[in-house]
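Undergrad: Got a predicted structure here, sequence first:
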Amino acid sequence: SQELEQSPQSLIVQEGKNLTINCTSSKTLYGLYWYKQKYGEGLIFLMMLQKGGEEKSHEKITAKLDEKKQQSSLHITASQPSHAGIYLCGADNTGGFKTIFGAGTRLFVKA
Amino acid sequence: GAGVSQTPSNKVTEKGKYVELRCDPISGHTALYWYRQSLGQGPEFLIYFQGTGAADDSGLPNDRFFAVRPEGSVSTLKIQRTERGDSAVYLCASSSDPASEAFFGQGTRLTVV
């Protein structure tokens, strides 16, 4: 079965610094989703990537999917305390509906 | 409604008891998902509904877990003879179709004591 591995597991950055979170799949991804979860809350959809080489941006967050569709990165520019939370990547491994998730990356931003 | 609503937000129950967790999806969303999230882990898929039918229930851990969606809208996740290992946050999500992004509720935190 497909697994998603996220790195790093946790990250502490100074406010204003850039950071990158990675998500690696053991199989080709049909769709890759990034979600953010505040501690103790539900998931907030950030972006969806479907095509090899695709890149999307929203405010200061950019997500990329590599050409082989097995790795995605999430980059935050000039981090702010509001960026703190758990970032989860999810995937549809069979081209269908079922979504599996990585274990998440816990981001802390020091003011 | 404006978003996915889950009730209760917290539930504490004794080992061996029966619990029901409710999910109100976004109006018009035909796809509905249940996930379970343990501390420090990502959500784990439990069951997927397309309309009224369970299209995939392969994630349900055992026969103590059951879910229904009788009218294709609200869904109830039912857990019989609860065990301490069932303690987790149960998340519900809905989407307009299976290929679109899913929107999540705030979750129900279940604690079995």
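TA: Done, it's in. All values derive from a computational prediction rather than experimental measurement.
Undergrad: so what's B:Ala88 up against?
TA: When contacts are counted by Cβ atoms under 8 Å, 6 or more residues apart in numbering or on different chains, B:Ala88 touches B:36-39, B:109-110. Using the backbone N, CA and C atoms, a C-beta is placed for each residue, glycine as well.
Undergrad: ok, now B:Leu39?
TA: B:Leu39 neighbours (Cβ under 8 Å, 6+ apart): B:Ala88.
Undergrad: rewinding a little: tell me which two of the contacts of B:Ala88 sit farthest apart.
TA: Using Cβ to Cβ, those span at most 12.4 Å, a distance reached by B:Leu39 and B:Leu110.
Undergrad: possible to save the contacts of B:Ala88 as TSV with secondary structure?
TA: Putting the contacts of B:Ala88 into TSV (DSSP: H, G, I helix; E, B strand; the rest coil) gives the following:
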residue	secondary structure
B:Arg36	strand
B:Gln37	strand
B:Ser38	coil
B:Leu39	coil
B:Arg109	strand
B:Leu110	strand
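Undergrad: residue boundaries of the strands in the chain?
TA: Since you didn't name a chain, this refers to chain A. Along chain A, counting by DSSP state E, strands occupy A:4-7, A:10-14, A:19-25, A:31-37, A:43-49, A:55-58, A:61-65, A:71-76, A:85-92, A:99-101, A:105-110.
Undergrad: My question was about chain B, not that one.
TA: All strands of chain B, identified by DSSP E, fall at B:5-7, B:10-13, B:19-24, B:31-37, B:44-50, B:53-56, B:65-68, B:75-79, B:88-95, B:103-104, B:108-112.
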